[in-house]
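S.K.: output the structure for:
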Amino acid sequence: MSLIATIFMLVFVTELISWIGKSVLLEFVYAMYLRIFYRAALARQRTLKSEVLLGKKELLQTSAQDQFAKWAKLRRSVDKGLADLEKLNSDLASARTSFSLQFNSAVWVLTAGLQFVVGWWYRKSAVFYLPPGWFGPVTWWLALPFAPAGSVSCGVWQMACRRVIKVGERVVKDLAAAADAPSEQRAAPADSKGS
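M.R.: Predicted structure coming up:
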């Protein structure tokens with residue numbers, strides 16, 4: 001893949017992750033991670049929850065004065081279930097914290113870190129050359145920091161790609177809002193006529 005397309009795709013993926021949100025992606029990927037690697041723990045958590053709820057229901061229906069032995073046995077069973085559930089929830093919470101740290105690190109490496117590496121590796125390379133005289137004295141700025149004169153550097157190309165993608169995102173959001181607005185305006189008069 002050419003340098004121009006590589007940088008554009010890196011910037012696009014970074015902006016897409018930013019637009020979707022890291023927390024949304026984290027929740028989605030973590031749910032899949034749990035289903036794959038912690039299937040037994042999730043099943044155990046569900047059964048413990050249902051056992052504890054059934055035990056509590058039965059405990060509330062049992063009189064502590066009239067049926068003390070049964071009530072005490074149920075109470076111990078509910079307490080043991082709650083302790084097991086709390087330990088399992090604690091284990092799952094620590095797994096989530098660990099996964100969150102690893103996920104955020106991986107996302108940073110695959111987006112910002114990779115952009116830094118590509119920018120550093122190709123710092124003296126031209127992404128593409130400009131026709132002579134098109135931008136006059138501004139041409140030297142487009143080659144900053146180390147690209148040959150008359151070319152566009154990786155850093156400038158990354159900034160340009162990011163700006164174009166952000167403008168495209170804003171246009172899409174405005175078009176989506178404009179498409180929703182007429183349907184909302186049609187619904188408002190219908191509501192006022194019904195009143």
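
S.K.: which other helices and strands contact the helix or strand where Ala106 lies?
M.R.: Element membership for Ala106 (DSSP states H and E) is helix 68-108. On a contact count with 3 or more C-beta pairs under 8 Å, 6 or more residues apart in numbering; DSSP states H and E, helix 68-108 meets helix 22-37, helix 39-61. Every residue, glycine included, has its C-beta placed from N, CA and C.

S.K.: which SSE is immediately downstream of that helix?
M.R.: The C-terminal neighbour of helix 68-108 among helices and strands, as given by DSSP H and E, is helix 114-121.

S.K.: quick check: angle from that following helix to helix 68-108?
M.R.: Relative orientation of helix 114-121 versus helix 68-108 (axes from the mean of the first three to the mean of the last three C-alpha atoms, to 10 degrees): 20 degrees.

S.K.: next, the buried residues of helix 114-121.
M.R.: Within helix 114-121, the residues scored as buried using 16 or more other C-beta atoms under 10 Å are Gln115, Val118, Gly119.

S.K.: from Leu3, how far out is Gly119?
M.R.: For Gly119, the distance to Leu3 equals 11 Å [C-beta to C-beta, to the nearest Å].

S.K.: which neighbours do these two share?
M.R.: Shared contacts of Gly119 and Leu3, defined by C-beta atoms under 8 Å, 6 or more residues apart in numbering, comprise Cys154.

S.K.: and the helix holding Ala106, how far out from the chain middle?
M.R.: Centroid displacement of helix 68-108 relative to its chain, using C-alpha atoms, centre = their mean, to the nearest Å, is 25 Å.

S.K.: and the angle from that helix to helix 39-61?
M.R.: In terms of direction (the same axes, to 10 degrees), helix 68-108 departs from helix 39-61 by 150 degrees.

S.K.: rounded mean pLDDT for helix 68-108, please.
M.R.: The pLDDT scores in helix 68-108 average 93.

S.K.: phi, psi for the residue of the chain positioned farthest from its centre please.
M.R.: The C-alpha centroid of the chain is most remote from Asp66, which lies 54.9 Å away (C-alpha atoms, centre = their mean). Asp66 adopts backbone torsions of phi -80, psi -40, taken as degrees, to the nearest 10.

S.K.: quick check: it vs Arg75, distance?
M.R.: Counting by C-beta to C-beta - Asp66 and Arg75 are separated by 15 Å.
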